[in-house]
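K.L.:
Okay, here's the prediction I keep looking at, along with the sequence it came from:
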Amino acid sequence: MALPDRMAYLTVAMHRFANPARFQRIATAILPWSAGLTVLLLAAGLYLGLVASPADYQQGDTVRIMYIHVPSAWMALFIYANMALASAVGFVWRHPLADLFCRAVAPVGAGFTAVCLITGSLWGEPMWGTWWVWDARLTSVLILFFLYLGYIALVNAFDDPVRGLKAGAILVLVGVVNLPIIKFSVDWWNTLHQPASVSRLGRPALDPAMLTPLMVMAAAFMAYFVTLALLRTRAELLNRRIQVLQMARGAS
Amino acid sequence: MTRKKRRLYLLGLSLGGLAVAAALALIAFQDNLLFFYSPSDLQAKTLAPEQRFRLGGLVAEESFEHLSDGITVRFVVTDLTNTIPVVFAGILPDLFREGQGVVAEGRLRADGVFEASDVLAKHDETYMPREVADALKQSGEWRGDE
């Protein structure tokens, strides 16, 4: 497909999904499934991770922190990447739903980043011997947390919500340089944090008995995110509608 | 050119410029982004006397000993090319042992011994159950740090 054709196709596809009425229908259809899946996967993942999986040969039971820590870190990066993509779409194609989605999921991303930082700290104390160090990995994740908080503060700092969303979208796009830094910090520089166990060339450095609970937890967190994203975007949409109605009433 | 296309190019150019700027900044600060120096890094470096820094590497096999005062421990940090002896009086982390990764913070004394005020354990990315580790060691397939 040539580039102009592909652009036209993308635009049509996006217009279709960015249509608020259609979004409402799709959200209503998906929500019970994603919510149910969250409960099932979370129960299975917690059982597998905390009870059924083996202890590590050198870390013992402390390794179970991984089943919360690692999926939270993945979600923190994934949600930010989603926000960056939505901001780009909002900036170029001016779809109102894109900016509303961004605003809706920012607190979810901030929450996952906080969980990642807190569990990492709890894990670092017994294993490394310290709650916190300023190495490249830990510092870049802390910056990600501040980017989330900065975005939330910025979009709420304007009287005109549309201008706030625009300013926030620019912040999110600028902050996107932090994502590769977080991912590759453990390869580019020497850090106290160890390199990736799962996403690396060759076999994961993780025993299958530990990889399975990790993946189930990751799927549970993903289903949880989908549920929250749909719920919160729907709420943002209703909020926006109320604002428009109030403005119309004030004008008449 | 339509407005949408113009915005798309503007976005692409800005992000490209931003990526280049970030890459240049990170390369410029390369040295400051390292969490620790290896013994080989120190060979190539002249440090001010009394300068505090972090030394990282593996605890050399059969190098760990308690000194006669009963508090101070002595071990050798190696990167398999160069080595530096370390003394430390304090609590070692649980994962500390010979062959294990370690990051020590402190200063290099005039006699070439590193006096650590803090010792952290650094582990690798491998996780496995105890039985698997034992089986690997028995079959001689072990490529770990022990």
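P.N.:
Nice, thanks for sending it over. Numbering: from 1, shown residues only, chains lettered A, B, ... in the order given.

K.L.:
pLDDT below threshold where in chain B?
P.N.:
Along chain B, segments meeting pLDDT under 70 span B:141-146.

K.L.:
and B:Thr83, what are its phi and psi?
P.N.:
Here is the backbone geometry of B:Thr83 (degrees, to the nearest 10): phi -130, psi 150.

K.L.:
if you skip the residues just before and after it, what's nearest to it?
P.N.:
B:Val76 (5.1 Å; Cβ to Cβ, 6 or more residues apart in numbering or on different chains). C-betas here are computed from N, CA, C, even on glycine.

K.L.:
how about the helix or strand that contains that neighbour: buried residues?
P.N.:
B:Val76 is part of strand B:72-78, with elements assigned from DSSP states H and E. Of the residues in strand B:72-78, B:Val73, B:Phe75, B:Val76, B:Val77, B:Thr78 count as buried by neighbour count, 16 or more other Cβ atoms under 10 Å in any protein chain shown.

K.L.:
repeat for stretch B:88-102
P.N.:
Using 16+ other Cβ under 10 Å as the burial criterion, the residues of stretch B:88-102 that qualify are B:Phe88, B:Leu92, B:Pro93, B:Leu95, B:Phe96, B:Arg97, B:Glu98, B:Gln100, B:Gly101, B:Val102.

K.L.:
overlap between these and the residues near chain A?
P.N.:
With Cβ under 8 Å from any Cβ of the partner chain as the criterion, those include B:Leu92, B:Pro93, B:Leu95, B:Phe96 near chain A.

K.L.:
Next one: the closest residue to A:Val174 other than its chain neighbours from A:Asp56, what distance?
P.N.:
Counting by Cβ to Cβ, 6+ apart, A:Val174 lies nearest to B:Leu18, which is 6.4 Å off, once chain neighbours are set aside. In this view, B:Leu18 and A:Asp56 are 40 Å apart by Cβ to Cβ, to the nearest Å.

K.L.:
For the longest helix along chain B, buried residues please.
P.N.:
Using DSSP state H, we find that the single longest helix of chain B is helix B:3-28. Neighbour counts over helix B:3-28 (16+ other Cβ under 10 Å) mark B:Leu8, B:Leu15, B:Ala22, B:Leu26 as buried.

K.L.:
Same question for stretch A:230-249.
P.N.:
Within stretch A:230-249, the residues that count as buried by 16+ other Cβ under 10 Å are A:Leu230, A:Arg232, A:Thr233, A:Arg234, A:Glu236, A:Leu237, A:Arg240.

K.L.:
give me phi/psi at B:Pro85?
P.N.:
Dihedral angles (degrees, to the nearest 10) for B:Pro85: phi -80, psi 140.

K.L.:
Counting neighbours, what do you get for it?
P.N.:
15 (other Cβ atoms under 10 Å in any protein chain shown).

K.L.:
try B:Ala135
P.N.:
13.

K.L.:
Mind picking the two most distant members of the buried residues of strand B:72-78?
P.N.:
Spatially, the most separated pair among those is B:Val73 and B:Thr78, at 16.1 Å (Cβ to Cβ).

K.L.:
Could you identify the longest helix within chain A?
P.N.:
Looking across chain A with DSSP H, the single longest helix is helix A:208-251.

K.L.:
could you measure the nearest residue to A:Leu31 once chain neighbours are set aside against chain B, distance?
P.N.:
For A:Leu31, ignoring the flanking residues on the chain, the nearest one in space by Cβ to Cβ, 6+ apart is A:Leu230 at 5.5 Å. Using Cβ to the nearest Cβ, to the nearest Å, A:Leu230 is found at 27 Å from chain B.
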